[in-house]
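Visitor: A structural model of the following input is requested.
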Amino acid sequence: MNSIRFRTLLLGAALLLPACSFSDDSLWPSLTGEDPAAAPAPAQPAQAPAQPVVGTQQPALGTGTFEPSGVTPGASTGTFVGSKIVELREELNRLQQSIGIHNGQLQQLRGQLVANSQRYHGTIAAVNARLQVGTTPGNPILVQQFNSAQGDLDRLSQDVAQLGALTNSVTNNSTMSSFLSESARAAFAVSGAVDEDHRQLAILEDEVNRTDVLIDRLLKEATSDVRRQTNYVATERANLNLLSAGIKTGEIFGGSLLNVAMGGAGAAGQAIRAGAPMSTAGRRPLVVIRFDRNKVPYQQALYNAISRVLERRPNAVFDLVSVAPTTGGQARVALNSNKARRHAESVLRSLIEMGLPPARVAVSATTLASAHTNEVHIYLR
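Guide: Just a heads-up that it's a prediction; the model follows:
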């Protein structure tokens, strides 16, 4: 019963696909290069416009500032413990100076991340606005803007890498702070100290502890920034791949298919692989693309069909089959089979550009006597 309901849902979604034709014996969409003006099309429900790929909003950066409070000066008492206190105080002062430098670097990197992200999203918005109203395939203006956005994203990636290097330096500061804390506590047990030594040691220990807390806060914020920004850049690279596909076709797509899949319940954190191709005997294809002319504009309809499946079944995997007709003799069949495989490779590249992980697709080839031209069939596993 659930399978029947799901196929009914896919049928309703498929009726909205542009440039689709339906055979009398199949309820599944068929993308073809035939002239749509050849026969009057039945009335279709109004289709909602595709949602532009505006990019993922940059996650919030931390707002903390980390300025050490300074080191309380003190005079040497002339004892061994007193001289040790002077050394520890100098080490703490150098540590706090290092923290101040790292804090300045953190604030500068945050500013760079925000500036580069704003410039990136401004460029992406301009590209999507042009695609939304329609444009020519491979529009050179959009290609130039895409290259600019890619450069901005590369700069964002470099900023995140510098932020990661900063966290490593802060980790070294944390190690030094722990050493100073242990040394200050151990100095209390050294004999030959005067009361002034212990008074200064108590002050020094408190300042080391406050510095350690400051380092811990700095490290936590910087680490969180690195994690969130790394995920953000990775997501935007997937969106850029999809945007590149849209520029090639002059059409606008929605979000990356990977994001659509990961947005569904139960998909997060799962590694899904298609495995070996399954037999297609008795199965109805989800999509049929007929390559009956040189350029078949299948990308938009293909994206719509796959994205609707992933919205319903985030864990879905697919079988992609190149189909060649069996007419024309053995040489013609071999030639058509090679062409069909190249078409299948093209469709697979399109799916990957749209964000579908390659592991979600199993590719195979076959011949069909009922086929009149080279085709690519996509089945839902």
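
Visitor: Low-confidence stretches in this protein?
Guide: Applying pLDDT under 70 to the chain flags the ranges 1-56, 254-255, 258-272.

Visitor: where do the helices sit along it?
Guide: Along the chain, the segments classed as helices by DSSP state H run 2-14, 80-133, 140-187, 195-249, 257-262, 299-312, 329-353.

Visitor: Serialize those to CSV and add fields for distance to Pro285.
Guide: Where you see a C-beta, it was placed from the backbone N, CA and C, and this is true even at glycine. Shown next, in CSV, are the helices of the chain (distance: least, Cβ to Cβ, whole Å):
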stretch, distance to Pro285
helix 2-14, 11
helix 80-133, 29
helix 140-187, 33
helix 195-249, 22
helix 257-262, 18
helix 299-312, 10
helix 329-353, 12
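
Visitor: So for Arg290, which of these sits nearest?
Guide: helix 329-353 (9.8 Å; Cβ to Cβ).

Visitor: helices and strands around the closest one, which ones?
Guide: helix 195-249, helix 299-312, strand 318-325, strand 361-368, strand 375-380 (3 or more Cβ pairs under 8 Å, 6 or more residues apart in numbering; DSSP states H and E).

Visitor: Rebuild the ones you listed as JSON lines, extending it with mean neighbour count and distance to Ala187.
Guide: What follows is the helices and strands packed on helix 329-353, written out as JSON lines (neighbours: other Cβ atoms under 10 Å; distance: least, Cβ to Cβ, whole Å):
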{"stretch": "helix 195-249", "mean neighbour count": "18", "distance to Ala187": "6"}
{"stretch": "helix 299-312", "mean neighbour count": "22", "distance to Ala187": "63"}
{"stretch": "strand 318-325", "mean neighbour count": "23", "distance to Ala187": "68"}
{"stretch": "strand 361-368", "mean neighbour count": "17", "distance to Ala187": "66"}
{"stretch": "strand 375-380", "mean neighbour count": "24", "distance to Ala187": "71"}
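
Visitor: Among these, single out whichever gets nearest to Thr63.
Guide: helix 195-249 (8.4 Å).

Visitor: helices or strands next to that closest one in the packing?
Guide: helix 80-133, helix 140-187, helix 257-262, helix 299-312, helix 329-353.

Visitor: tell me the angle of that helix relative to helix 140-187?
Guide: Per axes from the mean of the first three to the mean of the last three Cα atoms, to 10 degrees, the angle that helix 195-249 makes with helix 140-187 is 160 degrees.

Visitor: how far does helix 195-249 sit from the chain's center?
Guide: 20 Å (Cα atoms, centre = their mean, to the nearest Å).

Visitor: I'd like the numbering to begin with 738 instead of 1 from here.
Guide: Sounds good: first residue 738 from here, last item helix 932-986.

Visitor: Domain map for this structure?
Guide: Using automatic domain parsing, the domains assigned to the chain come out as 739-777+993-1117, 817-986.

Visitor: Generate CSV for those, with distance to Gln794 as supplementary columns.
Guide: Listed next are the domains of the chain as CSV, based on distance: least, Cβ to Cβ, whole Å:
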stretch, distance to Gln794
domain 739-777+993-1117, 13
domain 817-986, 8
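
Visitor: With respect to Gly807, which of those domains lies nearest?
Guide: It's domain 817-986; of the domains of the chain, that one is closest to Gly807 (Cβ to Cβ) at 7.0 Å.

Visitor: quick one: that closest one to chain centroid distance?
Guide: 21 Å.

Visitor: still on that earlier bit, quick one: closest of the helices of the chain to Pro796.
Guide: Of all those, helix 932-986 comes closest under Cβ to Cβ, at 4.1 Å.

Visitor: Next, the angle from that closest one to helix 817-870.
Guide: Going by the same axes, to 10 degrees, helix 932-986 makes 20 degrees with helix 817-870.

Visitor: Let me know the angle separating helix 932-986 from helix 1066-1090.
Guide: 140 degrees.

Visitor: about what we covered before: for the helices and strands packed on helix 1066-1090, which one sits closest to Ala1068?
Guide: strand 1055-1062 (12.4 Å).

Visitor: Neighbouring strands - and their directions - for the closest one?
Guide: strand 1098-1105 (parallel), strand 1112-1117 (antiparallel) (DSSP bridges).

Visitor: Can you show me the CA trace of the last one as PDB?
Guide: Spelled out, that is strand 1112-1117. The C-alpha coordinates for strand 1112-1117 follow below in PDB (Å, rounded to 0.1, in the frame of the first residue of the first chain):
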ATOM      1  CA  GLU A1112      17.600   6.100 -24.300                       C
ATOM      2  CA  VAL A1113      18.700   6.400 -20.700                       C
ATOM      3  CA  HIS A1114      16.400   4.900 -18.100                       C
ATOM      4  CA  ILE A1115      16.600   5.800 -14.400                       C
ATOM      5  CA  TYR A1116      15.000   3.400 -11.900                       C
ATOM      6  CA  LEU A1117      14.300   3.900  -8.200                       C
END
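
Visitor: any residues touching it, and which ones?
Guide: With Cβ atoms under 8 Å, 6 or more residues apart in numbering as the test, strand 1112-1117 has contacts from 1015, 1017, 1020-1028, 1039, 1042-1043, 1046, 1050, 1053, 1055-1060, 1077, 1080-1081, 1084, 1105.
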